[in-house]
Each structure stands twice: as C-alpha cells, then as structure tokens.
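[1] Could you look at this predicted model? Sequence included:
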Amino acid sequence: VDRSGSMGGAYIKAAGEALLLFLRSIPPGCLFNVIGFGSRFIRLFDKSVPYDQTSLEKATAHASSLRADLGGTELLAPLKSIVSEPVQEGHPRQVFVLTDGSVSNTDEVISIVSRFSNSTRCFAVGIGSGASTHLVNGIAKAGNGTAEFVLENERLQTKVMRMMKQALQASVHDVRLEWKIPSAAEVKQTPEVLPPIFAGSRIVVYGILPTSIIPVQSGSSFEATLSYRGQDQTTLAQSVRFSVSTEKSGWSSSDKEDDLFPLHRLAGKQLLRDLANVDTQEKTKLVAVSLETGVVCKETAFVVVDEDGTEAVTGAVEKQTIAVATRVAMHLRPSRHAYSSLQFDCISDCMDYDDEELEQGEEESGMLGAPLLRRSADIEPKFGYAEADYSSGDECDEDGDDECMEMYSDAFPTTQSSASNPVEDHLVLVSFQQANGAWPLHVQLASFCGCSFDDIVAAIPKILSAISDAQLVWATLLAIALLENRFSHVKDEWELVVDKAMSWLKSTLPPAIYKDLGGLRTLAMSIIATQ
C-alpha cells in the first residue's frame with residue numbers, strides 16, 4: 001500500500017477500507033502480509049504468516065490506523081524484498097500494489113516484476129488522476145495480473161475486490177512439462193519455469209529442438225507429458241503429442257520473408273524475453289538468438305540497406321529528437337522561495353528533461369508550461385487552495401524528507417475529517433467477521449438488526465439448539481441477511497465475505513440441518529425485513 005505523503009486524506013482512508021474488505025475476504029489456509037511503502041517500506045509481519053484470528057486482528061488494527069507518513073514513492077525496494085523470499089509450496093504468490101503516483105525508475109520496477117512473473121503474480125491499482133498509467137499497466141502486464149484505475153467519484157473498495165475475485169479463481173500450480181524425445185539431446189524449453197495457471201488464462205510453451213534430432217521426414221510426432229497440481233494438492237498428468245517441421249528458422253541474406261515461419265519467431269521472442277530477465281552480463285546469447293530467429297532485442301537492430309543507391313552515405317550520425325505527447329502530473333509542495341505560497345512542480349512520467357530543456361520547452365512550445373498545468377488543475381480540483389505558514393523555513397529535500405512530506409500532506413487536506421466522514425455501515429458489519437468466516441453474536445450485531453441482544457438470542461431456531469455453535473451459526477445467517485437486504489448496492493465489495501461465510505456454514509452444520517439452509521436463511525431475512 002502506497003503510504004507516501006500524497007496519499008493523505010481521502011486516498012489513505014479509502015485504502016484502509018479496501019484493506020479491511022480484502023482481509024475479510026482471504027480464504028482460510030492462505031498466507032499473507034501487508035507492506036506499506038514510501039521513501040522506505042514497512043512490513044506488518046516479518047514474513048508472510050498464516051491467516052488466522054490473531055493475524056487478522058493485528059492486520060485489522062493496522063488497516064484502521066493507516067497513515068500517509070512514509071515520505072516519497074519508492075516501489076522497487078519492497079518488490080525486491082518480496083520476490084527475494086522463496087515461494088512456499090502450495091501457496092502461489094500474488095501481490096497487489098495500490099499507488100496514487102509515479103516512480104523515477106518505472107522500467108526497473110516493471111523489469112523486476114517481469115523477471116519473477118513465473119513465481120509471483122502482480123496486480124496494480126492506480127488511485128487518482130496522478131497515478132502513472134505506464135507504471136500501473138506495466139506492473140499488471142509483466143506480472144500476468146490486471147490493472148485498475150480509480151478516478152473521481154469511483155470507489156477504490158470495489159476495484160480492489162474485483163481484483164481479489166480474479167486472484168481467487170481456481171488455479172493449478174507446480175506445472176511441469178517432460179519432453180519425451182527419442183534421443184539424448186536436450187530440448188530448450190521457454191519459458192523454462194512454468195507459472196501457475198489461473199481460470200480464464202492460458203500459457204504457451206515452446207520446445208526448441210536441436211537440428212541433429214529432427215527427423216528426415218517432416219511432420220513426425222513426439223510426445224510430452226504435462227503434469228500439475230490442483231487446489232486439493234492432487235497431481236494430475238496428461239500426454240500431449242506434437243509434430244516437428246524440418247523447415248529452417250534462421251535468417252540469412254538469401255532468405256525471403258515467406259520462408260520464415262511465424263511460430264519460430266514467436267518462440268525466439270519468448271526465449272529473448274527469458275534471457276533478458278536473467279541477471280547476466282552475457283550479451284552473446286541474446287545476440288545469437290536474435291540473429292538466428294530474426295527477432296530484434298535490446299542488443300540488436302534492423303539496418304535498412306539501400307541496394308539501389310549509388311552514392312555512399314558519409315558524415316556523422318545525427319540524433320533526431322521527436323516531440324511526443326506526454327501526460328503531466330501536478331504535484332503540490334511548500335515553496336522554497338516563499339513561506340506562504342504554493343509551488344507547482346510539473347513532472348512528466350514519460351520523458352526526462354534537464355532544467356535547460358525544460359525552460360526551452362516552456363518558452364518555445366508551452367508543452368510543459370502553463371497551459372498543461374491549468375488543464376491538470378482542472379482535472380483534479382479537489383486539492384483546492386490552502387495557505388500554510390512555514391515560519392521555520394524548513395524545505396523538502398530532493399528525495400522527499402519524511403517529516404516534510406507529512407507536514408505538507410497535512411497542510412493540504414483532500415477530504416473532510418474522519419469525524420464528518422465515518423466508516424460506512426457495511427464496512428463496520430464486515431469488520432465483525434472472524435477469520436473462519438463466522439460472525440459472533442453480540443450487541444453490535446443486534447443493533448444492526450434493530451433488536452435487543454436478548455430478542456436475537458430468543459429468536460434462535462430450535463433446529464440449531466442441538467449444535468454447539470448455534471449462536472455463531474445464527475449470527476452468521478443474520479449478518480448475511482443484513483448484507484443482502486440493506487447493502488445490495490455494494491454487493492461487489494462484500495460478495496467474497498459472504499462466500500467465505502457460506503463455506504463455514506457448510507463445514508459446520510450437520511448434513512441434515514444444512515439441507516434446510518434455505519429455510520434458515522429465509523427466517524433470518526424475515527427478522528431483518530421486519531425491522
């Protein structure tokens with residue numbers, strides 16, 4: 001969770017509420033952790049911990065007191081820390097990133113996500129109009145996840161829970177492919193390590209065979225065995241037969257474009273991606289694969305040769321700068337030059353300029369000048385205007401000093417105080433749920449139902465009197481009825497919470513009573529509806 005100074009006010013409050021819903025939607029048996037990042041990052045737990053009542057209560061208290069107090073926005077360090085830990089068997093790792101800004105090293109962040117995409121799936125949420133689309137979309141694409149953006153009058157809670165539903169879809173993991181080739185030669189597989197496969201997604205695997213084992217007759221078939229484990233940890237396997245073509249895939253000056261098979265290029269592109277994501281100084285492999293497949297990489301480029309030209313090209317190579325459109329984000333901070341004014345810092349997340357280029361651009365084209373600043377101000381008017389007197393003369397350093405960031409975050413509030421903007425009722429109700437999915441029967445739940453605690457206890461159906469968890473079962477049925485009856489307009493936010501509650505009911509109720517679950521739910525709904 002982004003806890004930089006710019007997240008202050010409405011953003012950090014919404015992030016805390018989204019985290020509350022997220023925590024209550026985690027299924028039993030999972031491991032989890034919460035990391036806040038800014039100029040530094042802070043872990044709630046030293047490492048991912050089992051999801052139980054103790055860890056849930058600690059995380060809930062953390063979500064309720066979330067503050068935007070960690071200075072600037074640095075995402076690379078926490079991501080490196082996450083992926084450096086080994087993935088625990090049977091627990092595919094999924095990371096959710098919530099941020100409202102941009103970072104100075106976007107490409108490095110995306111690169112680390114891509115490098116570990118086989119073991120870590122990443123989702124990203126951009127909050128507000130200042131969130132970098134390049135960063136958010138790049139993380140999601142490289143991490144095989146999805147991206148969401150939350151703009152004005154949209155609910156962050158809804159977007160986060162939509163991602164949670166995608167992450168909890170059925171999946172298979174420990175995916176392996178065993179190549180059965182009638183030869184001792186090794187098959188080059190790409191991607192080398194196969195990631196978990198989630199419902200609705202797919203994975204393409206290429207096997208690159210050495211020419212020495214390709215049969216004389218094109219179209220001969222070989223076999224490979226695909227094995228994987230489901231959510232019940234059962235290992236399944238099936239055989240796949242495939243044919244091999246004897247056509248060459250390399251590039252030479254005598255080749256025509258029609259002679260090159262698209263499948264070979266696709267395999268080369270995937271192999272180049274794998275090689276690029278490995279920390280190595282060996283460029284020769286990249287260059288060799290690029291030249292062999294005719295697919296460019298960061299170490300190669302196509303060169304156009306004018307075979308009809310008669311005059312040699314001479315002179316130095318000239319660099320051409322092409323102006324491109326770029327989105328400009330407006331950031332507020334206390335002025336270095338006046339203690340009671342605002343300074344507007346115009347920062348592009350697509351292009352880098354030094355001071356001389358910036359001034360020249362403002363004078364000549366206005367690309368990064370006042371017109372775009374006015375448009376940015378129109379896009380996000382909620383910042384408003386505030387006077388702040390920094391009589392001490394403290395300034396924000398270039399890296400975003402924590403204390404200074406907190407100072408100006410508080411000076412420019414983005415929403416009303418929490419006292420005039422309380423937590424919504426459905427979030428309060430959800431916060432009562434236990435880690436196992438059940439609700440306890442207490443006075444607050446009775447208040448939601450509009451009854452006294454004694455009346456709620458007296459209304460427990462007789463059919464439940466024979467089970468030890470009668471009060472838990474009845475409270476859970478009432479909580480589900482409350483959510484469905486009174487908060488249907490935000491169903492996307494509590495749907496997973498109810499799913500977990502229904503799973504708990506199924507595992508707790510005896511089969512004979514569970515068969516009448518529909519009648520019990522109707523009875524609970526009738527009590528809610530009469531209030």
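    Perfect, I can see it now.
[2] Tell me which stretches of the stretch 201-350 of the chain form helices.
    262-276, 284-293 (DSSP state H, counting those that start in this stretch).
[3] Name the SS class of residue 121, please.
    When classified by DSSP: H, G, I helix; E, B strand; the rest coil, residue 121 comes out as strand.
[4] Can you add mean pLDDT, distance to residue 434 and mean neighbour count and give the helices of the stretch 201-350 of the chain back as JSON lines?
    Quick note: C-beta positions are derived from backbone N, CA and C, even for glycine. Shown next, in JSON lines, are the helices of the stretch 201-350 of the chain (pLDDT from 0 to 100; distance: least, C-beta to C-beta, whole Å; neighbours: other C-beta atoms under 10 Å):
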{"stretch": "helix 262-276", "mean pLDDT": "83", "distance to residue 434": "44", "mean neighbour count": "18"}
{"stretch": "helix 284-293", "mean pLDDT": "86", "distance to residue 434": "53", "mean neighbour count": "17"}
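[5] and those helices as CSV, adding distance to residue 8?
    Below are the helices of the stretch 201-350 of the chain laid out as CSV (distance: least, C-beta to C-beta, whole Å):
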stretch, distance to residue 8
helix 262-276, 38
helix 284-293, 44
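[6] Nearest to residue 144, out of those helices?
    Among the helices of the stretch 201-350 of the chain, helix 262-276 comes nearest to residue 144, with 12.7 Å by C-beta to C-beta.
[7] Does anything pack onto that closest one? Which helices or strands?
    strand 188-190, strand 206-208, helix 284-293 (3 or more C-beta pairs under 8 Å, 6 or more residues apart in numbering; DSSP states H and E).
[8] Skipping its backbone neighbours, what lies nearest the residue positioned nearest the centre of the chain in space?
    Here the mean C-alpha position of the chain is nearest to the C-alpha of residue 123 (C-alpha atoms, centre = their mean), at a distance of 1.6 Å. Computed as C-beta to C-beta, 6 or more residues apart in numbering, the closest residue to residue 123 that is not its neighbour in sequence is residue 145, at 3.9 Å.
[9] before we move on, the earlier item: show me what contacts the residue nearest to the centre of the chain?
    Contacts for residue 123 (C-beta atoms under 8 Å, 6 or more residues apart in numbering) come out as 94-97, 139-140, 143, 145-148, 163, 166-167.
[10] Pick the one among these closest to residue 154.
    Distances from residue 154 to the contacts of residue 123, taken by C-beta to C-beta, are shortest for residue 148, at 9.4 Å.
[11] which element is that closest one on?
    strand 147-150 (DSSP states H and E).
[12] Remind me what that strand packs against, helices and strands.
    Where contact means 3+ C-beta pairs under 8 Å, 6+ apart, strand 147-150 is packed against strand 120-127, helix 133-142, helix 156-167.
[13] Out of these, which is the most enclosed?
    strand 120-127 (a mean of 26; mean count of other C-beta atoms under 10 Å).
[14] same question for that strand, mean pLDDT?
    Averaged over strand 120-127, pLDDT sits at 93.
[15] got a markdown table for the helices and strands packed on helix 262-276, with distance to residue 447 too?
    Listed next are the helices and strands packed on helix 262-276 as a markdown table, based on distance: least, C-beta to C-beta, whole Å:
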| stretch | distance to residue 447 |
| --- | --- |
| strand 188-190 | 59 |
| strand 206-208 | 61 |
| helix 284-293 | 65 |
